[in-house]
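Visitor: structure for this input, please:
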Amino acid sequence: MKYILSLACMMCLPGMALAEGGFGLAGILSAKNKQDLEPIQLSAGIPLTSAPWVLKSGTYYEFEIQGDGSQELALVGPEFFRAIWIDEIVVEGLEIRPLGLDSIEFDEAGEMEIGFVAIKPGRYYMKIPGTTGETQRLEITIE
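Guide: Predicted coordinates:
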């Protein structure tokens, strides 16, 4: 009898998880919880994005960074990178799963994709180091 009750309870767990959080079996990494963000453009004199990002804590996001190779450009945002959990970084089909990130740099034209979960609410930024212009800075809010 205990075996049958245990089995019945285990069969209900996936449905309960789906009903409670609205996510699938992968939890917050489920496709229902994923949003794509506007790509970041790394190019001399071009704005990084057209608008600030407003993110929701607990949501999975993906974005691309596209470098056109017009010059060596980096992107820094250590406070932002510590407020998120990075699932993976994909560069030319190679998947990287880092414990943390401080900055990235493009020495030539290329593209990378970063998937992450927003964690810590607050106001953050990513920017091209050594620049002061608003177009070279991306304001980010995690709610």
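
Visitor: what residue lies at the spatial centre of the protein?
Guide: The chain has F116 as the residue nearest its centroid, 3.0 Å off, counting by Cα atoms, centre = their mean.

Visitor: isn't it right up against Y61?
Guide: Yes. Assessed by Cβ atoms under 8 Å, F116 is found in contact with Y61 at 5.8 Å. Yep, even glycine has a C-beta here, placed from its N, CA and C like the rest.

Visitor: from A118, how far off is I65?
Guide: Using Cβ to Cβ, to the nearest Å, I65 is found at 17 Å from A118.

Visitor: surely K32 forms part of a helix?
Guide: Yes. Assignment of K32 by DSSP: H, G, I helix; E, B strand; the rest coil places it within a helix.

Visitor: burial of it, as a residue count?
Guide: Around K32 there are 12 other residues, counting by other Cβ atoms under 10 Å.

Visitor: now M112
Guide: Residues lying near M112 (other Cβ under 10 Å) number 19.
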